[in-house]
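Peer 1: Model the structure of this input:
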Amino acid sequence: MIKIHVLHTGRVKVDEALPFRTNSLNPLDFTGLFRSKEHKIWLPVSIYLIEHPKGLILFDTGWDNSVRNVSKEKKNRLFGEISVADLPAGQAVDEQLLSLGYTSKDLDYIILSHLDGDHAGGLQLVKEANNILVSSEELEASKGWSRAIRYNSKQWEGINLQTFEFIDSGIGPMKRSFDLFNDGSLQLIWSPGHSKGLTSLMVKNDCEDYVLLVADTGYATKSWEKLIIPGISVNKKQAYQPLKWVKEMTRQPNCIAALASHDTDVKPHTITL
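Peer 2: Take a look at the predicted model:
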């Protein structure tokens, strides 16, 4: 039996063009620049704790609790005011673990979908996990030009980030994945577009029933149903491929659920496979 706990580590306020790309004449609409406050929306920040027979796995870490001390909008170095973080008491990743009877020392693996602050920000709160994994493509991207405007390496400063390599497997939109336990139960799937090394996670039981945790491949069910790519996509053409794959996979009889990290329709709950 596998249990997937869907947890909310606060929320984030962004321009609606950030999760759902528009055809606006304003190329920076996703930043909220030159846009009225009417376009601002609140989205949940989901993480997932997976109780698996072979270990305890955390997928993403949510916000760092330091955002509680920020009373104004976070400043992005290039684009200005993009997001507002909100992390109520009791919702930080370490607090969520404690509510379920765990500490970071109990975590066999942390898997990071990518290194944006609302996905990797809480790393310092759970740095005592046994293994912390990110794709080699994502870690490499965090060292490039986008480091200055997108990633904050201080969030994983002093932490041993271990990289994994996607291999040709025939699985996923790019036919490349990494099998964590070599048994098909946890497939880390390359889903580039929003970021270069974005990882989705397929959790599958012995009966071949599965749940897809798609991170920011899309921001809500309508993203893959209507093929709406994220407003922030490093490769817009490539970003459609994971959405098409998710759409196809959700139509299979063994698909229990496909969950995006910022879907307002997804509430905290537990899925048993």
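Peer 1: Now do the helices in this protein.
Peer 2: Here the chain has its helices, by DSSP state H, at 93-99, 117-120, 136-141, 221-225, 236-250.
Peer 1: Among these, show me which one is buried the most.
Peer 2: Of these, the one with the most neighbours on average (mean count of other Cβ atoms under 10 Å) is helix 117-120, at a mean of 26. (Each C-beta comes from the backbone N, C-alpha and C, glycine too.)
Peer 1: which residues does residue 116 contact?
Peer 2: Shown in contact with residue 116 (Cβ atoms under 8 Å, 6 or more residues apart in numbering): 150-151, 195, 216.
Peer 1: Could you dump the residues you listed into CSV with distance to residue 60 added?
Peer 2: Converted to CSV, the contacts of residue 116 look like this (distance: Cβ to Cβ, whole Å):
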residue, distance to residue 60
150, 16
151, 15
195, 13
216, 10
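Peer 1: mean confidence score for stretch 36-55?
Peer 2: Mean pLDDT, stretch 36-55: 94.
Peer 1: Please identify the buried residues of that stretch?
Peer 2: Using 16 or more other Cβ atoms under 10 Å as the test for burial, stretch 36-55 gives 39, 41, 43-52, 55.
Peer 1: just for the stretch 1-150 of the chain, where's the confidence low?
Peer 2: The stretch 1-150 of the chain contains residues with pLDDT under 70 at 25-29, 34, 70-81, 145-148.
Peer 1: residues touching the residue most central in space within the chain, list them.
Peer 2: Centroid-nearest residue in the chain: residue 215, 3.4 Å away (criterion: Cα atoms, centre = their mean). Going by Cβ under 8 Å, 6+ apart, residue 215 touches 60, 113-114, 119, 191, 194, 198-201, 260-261.
Peer 1: rerun that using 10 Å as the cut-off
Peer 2: 46, 48, 59-60, 111-114, 116, 119, 191, 194-195, 198-201, 242, 259-262 (Cβ atoms under 10 Å, 6 or more residues apart in numbering).
Peer 1: ok, residues contacting stretch 247-258?
Peer 2: Identification of contacts with stretch 247-258 by Cβ under 10 Å, 6+ apart yields 4, 6, 172-173, 189, 200, 202-205, 207-214, 217-218, 221, 223-227, 246, 266, 269, 271-273.
Peer 1: circling back: quick one: which two of the contacts of residue 116 are the most distant?
Peer 2: 151 and 216 (14.0 Å; Cβ to Cβ).
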